[in-house]
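*Asks:* sharing a model prediction with you, sequence too.
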Amino acid sequence: MTRYRFTSSALTELRQATLYYEQRENGLGGTFLNEIEAARNRILQNPTAWHQLSERTRRCRTHRFPFGLIYQIRTDEILIVSVMDLRRDPESWKRLL
């Protein structure tokens, strides 16, 4: 399964985090995006390998940043529901469904 998509709220989180890191240090936003892409690729290669949060929802953490991709395995795609800062409320992803 190689088809995936981000929800609009996940894209908003991604944009906000990228801007935040880019404002902290020139180029860090790009590094953050590379980490998100690497996590997405790990999910696409093996969707069931990552930490299960609920029956349908899983989390794959990035390596360098305190973020995780919260996603669901759907019949025809991987739905990324949150690009979550793991330092905030760990249950906040549930409000995005």
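*Replies:* Nice, thanks for sending it over. Numbers count the residues shown, from 1 in each chain.

*Asks:* can you give me the helices in the protein?
*Replies:* Under the criterion DSSP state H, helices of the chain are mapped to 8-24, 28-45.

*Asks:* distance from the chain centre to the shortest one, please.
*Replies:* The chain centre lies 11 Å from the centre of helix 8-24; the measure is CA atoms, centre = their mean, to the nearest Å.

*Asks:* kindly report the same for the longest one.
*Replies:* Taking the mean of its C-alpha atoms, helix 28-45 sits 8 Å from the chain's own mean (CA atoms, centre = their mean).

*Asks:* now do it against helix 8-24, angle only.
*Replies:* Between helix 28-45 and helix 8-24, the angle comes out at 140 degrees (axes from the mean of the first three to the mean of the last three CA atoms, to 10 degrees).

*Asks:* tell me which residues of helix 28-45 come out buried.
*Replies:* 28-29, 32, 35-36, 39-40, 42-43 (16 or more other CB atoms under 10 Å). (C-beta placed from N, C-alpha, C; glycine too.)
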